[in-house]
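Q: based on what follows, work out the 3D shape:
(one chain, ligands or ions: 2)
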Amino acid sequence: MVQFFLESERVTELVTHLKGQKPVFAPHRKGRKSFAFERVEDAADVVLDYPRVMHSIRKFFLPPRETLMTFDLAENDFSTADVQPSDAIFFGVHSYDLGAVHRLDYNLGKGHPEKNYITRRQGAVFVGVSFEPDAYHFCGSVGIDPMDTSGFDIFLTKLLDGYIVEALTEVGEQLLNGLDLPAHEAGKPARGNFQQHIYLPQAKLNEVMAKSYDNPVWAETAEKCVGCGTCNLVCPTCYCFNVEDTVNIQATGGTRDRHWDGCMLREFTGVAGGEVFREHLADRQRHRVFRKFKYISDETGQPWCVGCGRCTAYCTAGISIVNIVNRLVGDYEKVAVTPI
Ligand code: SF4
Ligand code: SF4
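A: Ligands and ions are numbered 1, 2, ... in the order given. I've put the predicted structure just below:
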């Protein structure tokens, strides 16, 4: 694979070149410390050196809220929403966030494929960028390297004075056509160290999780947790949603809408008759962690957490998923670990 060199000052030129071919979505600064993926209007606004965006690119394929259909009660008729392929370039994506998209492809593509998600995924092109792990990233513990290029069409690896640019697919090569970049000759990327680690690989975590159903950690964590659901809403591999019908005041028609939901929210397991079958926060916390390290992992052999660190970074109560998992590991192996 040919490697090119892109000086930091030429990133704007690369974004402008791509923007001339398809819409580009990339990280933008929001306030002092926040970043968000948005459609690029001005290439100079794109930020490549960022720790994480609060909401991953999942939001473009599975929007936080969408209308699935409108219905007409007078005519006894309905029409479904016109969903279009994204057909866009997602620029500056971190490896764990593309790993999360691949997990969503699995969850939403099997059984009865989720039509709107599948349609929006069409035509999506991914340009990755390497990153420096911060105090929350632990993707190295779930098999995702900051320089992992798998699944990307183009990948940018950070050097001191610029980026190594690699086209990894035919689509990526075509997108770079016409851009005059010198070959990358020398210079190795610096590899940052992770500050957060899970102490066991997934193959062994299966055993740990199988023995952890009654671990006291769930109740201990529940004492701090406020059940806000933030950890679900920022997680790039969460995909649970609720569907609601709204009828207009004349009762002649309305809409069926879908919005993100989360298993940490009390109402999530509320059913007809007022029963809530995961009433206790301890049960909800166990369910959340088992969804990431047990239930789907038992089926696929892979962790369903991509180690982005969002649920810890944004947790209202300072609860760390790494500490929870390591506590389970410690109890299983009978060694002392970091307190929750
Ligand atoms: S973000 Fe923290 S406090 Fe809120 S539900 Fe999740 S674990 Fe509990
Ligand atoms: S569980 Fe937490 S660390 Fe893992 S993918 Fe979800 S938000 Fe990221």
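
Q: contact partners for the closest residue to Thr230 other than its chain neighbours?
A: Spatial nearest neighbour of Thr230, chain neighbours left out: Tyr314 (5.3 Å); criterion: CB to CB, 6 or more residues apart in numbering. Every C-beta, even on glycine, is put in place using the N, C-alpha and C of the backbone. Shown in contact with Tyr314 (CB atoms under 8 Å, 6 or more residues apart in numbering): 54, 230-231, 234.

Q: which two in those are spaced the farthest apart?
A: Among the contacts of Tyr314, the pair separated by the greatest distance (CB to CB) is Met54 and Cys231, at 12.3 Å.

Q: need the contacts of Tyr314 in TSV (columns: distance to ligand 2, secondary structure and neighbour count).
A: Shown next, in TSV, are these (distance: CB to the nearest ligand atom, whole Å; DSSP: H, G, I helix; E, B strand; the rest coil; neighbours: other CB atoms under 10 Å):
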residue	distance to ligand 2	secondary structure	neighbour count
Met54	11	coil	16
Thr230	10	helix	18
Cys231	6	helix	25
Val234	6	helix	23
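
Q: got CSV for these, with pLDDT too?
A: Output for the contacts of Tyr314, formatted as CSV (pLDDT from 0 to 100):
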residue, pLDDT
Met54, 97
Thr230, 98
Cys231, 98
Val234, 98
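
Q: find the closest residue to ligand 2 in the stretch 1-150 of the chain.
A: Taking CB to the nearest ligand atom, ligand 2 has its nearest neighbour within the stretch 1-150 of the chain at Ala100, 6.4 Å off.

Q: gap between that residue and Glu185?
A: Going from Ala100 to Glu185 by CB to CB, to the nearest Å gives 34 Å.

Q: give me the domain ranges for the chain.
A: With domains defined by automatic domain parsing, the chain comprises 3-176, 202-333.

Q: for the stretch 201-340 of the chain, give me the ranges with low pLDDT.
A: Applying pLDDT under 70 to the stretch 201-340 of the chain picks out residues 335-340.

Q: and it, which of its residues are near ligand 2?
A: Within the stretch 201-340 of the chain, the positions near ligand 2 by CB under 6 Å from any ligand atom are 234-237, 292, 305-311, 321.

Q: give me the buried subset of the residues you listed.
A: If you count burial by 16 or more other CB atoms under 10 Å, the buried members of those come out as 234-237, 292, 305-311, 321.

Q: turn those residues into JSON lines, including secondary structure.
A: Shown next, in JSON lines, are those (DSSP: H, G, I helix; E, B strand; the rest coil):
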{"residue": "Val234", "secondary structure": "helix"}
{"residue": "Cys235", "secondary structure": "coil"}
{"residue": "Pro236", "secondary structure": "coil"}
{"residue": "Thr237", "secondary structure": "coil"}
{"residue": "Lys292", "secondary structure": "helix"}
{"residue": "Cys305", "secondary structure": "coil"}
{"residue": "Val306", "secondary structure": "coil"}
{"residue": "Gly307", "secondary structure": "coil"}
{"residue": "Cys308", "secondary structure": "coil"}
{"residue": "Gly309", "secondary structure": "coil"}
{"residue": "Arg310", "secondary structure": "helix"}
{"residue": "Cys311", "secondary structure": "helix"}
{"residue": "Ile321", "secondary structure": "helix"}
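
Q: for those residues, which one is nearest Gln21?
A: Pro236 (26.3 Å).

Q: can I assume the closest one is in contact with Arg310?
A: Yes - using CB atoms under 8 Å as the test, Pro236 is close enough to Arg310 to be in contact (7.3 Å).

Q: now stretch 304-321, how far from the chain's geometric center?
A: 12 Å (CA atoms, centre = their mean, to the nearest Å).

Q: would you mind writing the CA trace of it as PDB?
A: This file holds the C-alpha atoms of stretch 304-321, laid out as PDB (Å, rounded to 0.1, in the frame of the first residue of the first chain):
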ATOM      1  CA  TRP A 304     -19.400  -5.400  22.600                       C
ATOM      2  CA  CYS A 305     -17.700  -2.500  24.400                       C
ATOM      3  CA  VAL A 306     -15.200  -0.700  22.100                       C
ATOM      4  CA  GLY A 307     -13.300   0.900  25.000                       C
ATOM      5  CA  CYS A 308     -14.100   4.500  24.000                       C
ATOM      6  CA  GLY A 309     -14.400   5.600  27.700                       C
ATOM      7  CA  ARG A 310     -17.500   7.700  27.100                       C
ATOM      8  CA  CYS A 311     -19.700   6.100  29.700                       C
ATOM      9  CA  THR A 312     -17.100   6.800  32.400                       C
ATOM     10  CA  ALA A 313     -16.100  10.300  31.100                       C
ATOM     11  CA  TYR A 314     -19.700  11.500  31.000                       C
ATOM     12  CA  CYS A 315     -21.100   9.500  34.000                       C
ATOM     13  CA  THR A 316     -23.000  11.900  36.300                       C
ATOM     14  CA  ALA A 317     -21.800   9.900  39.400                       C
ATOM     15  CA  GLY A 318     -18.200   9.100  38.300                       C
ATOM     16  CA  ILE A 319     -18.800   5.400  37.800                       C
ATOM     17  CA  SER A 320     -16.100   3.600  35.800                       C
ATOM     18  CA  ILE A 321     -17.000   0.600  33.700                       C
END
